[in-house]
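Undergrad: Okay, predicted coordinates and the sequence, questions at the end:
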Amino acid sequence: MKVKVLIGALVVLMIMNLAALGSFMFMHLHGGRHPGGHGERRMHRWVMRNVPEGDRERLMRTMRSFHEDVRPLAEQTGKLEDELISSMRQDPAPRAHIDSLLEQISHNRLEIARRATDRMIAMGDSLTPDERGHMVDALMRSRHIGREGRRNR
């Protein structure tokens, strides 16, 4: 009788562990991909704490617009990085192809940085010098927010 109860408890605990693991894997692999995902919620909390009420909507609108603007470049860069990894696994490694992938990835990242800089300059042009200083300080503090690691792809 005791053995049957122990086996039953073991089976129940294994099912619970599998359900928890499945939920974790789903959120880990798919949770941050959709609008309103983990990164955007975290950014929204940061904006609520650190941006004056009058500027919040404008900042969020600008950031959403920027993300939409660079999304194709970011997705292309992710695909190029995946291709780079698979190329490095080949034996022998196709060095010329790897170099061209690195150049394309660098070009995409430079274009994203240029677009971000242009947006920040445009945002700053409509601000007073004091507000511009606050914006730059806020951007420097928030640089890590919204960065998604390779694990979320």
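TA: That came in fine, so what should we check first? Since this is a predicted model, take the numbers as computed values, not measurements.
Undergrad: For M27, see how far away M16 is.
TA: 17 Å (CB to CB, to the nearest Å). Heads up, the C-betas are built off the backbone N, CA and C, glycines and all.
Undergrad: Same question for S87.
TA: S87 sits 31 Å away from M27, going by CB to CB.
Undergrad: before we move on, what about G124?
TA: Taking CB to CB, one finds G124 at 37 Å from M27.
Undergrad: the more surrounded of those two?
TA: A count of neighbours by other CB atoms under 10 Å puts G124 above the other of G124 and M27, at 15 against 12.
Undergrad: buried sites along whichever helix or strand the more buried one is part of?
TA: G124 is part of helix 95-125 when elements are defined by DSSP states H and E. Across helix 95-125, burial judged by 16 or more other CB atoms under 10 Å covers L101, I105, N108, I112, R119, M120, M123.
Undergrad: I'd like to know which elements it is packed against.
TA: Judged by 3 or more CB pairs under 8 Å, 6 or more residues apart in numbering; DSSP states H and E, the packing partners of helix 95-125 are helix 53-88, helix 129-141.
Undergrad: same thing but 6 Å
TA: Identification of packing neighbours for helix 95-125 by 3 or more CB pairs under 6 Å, 6 or more residues apart in numbering; DSSP states H and E yields helix 53-88.
Undergrad: I am finished for the moment; much appreciated.
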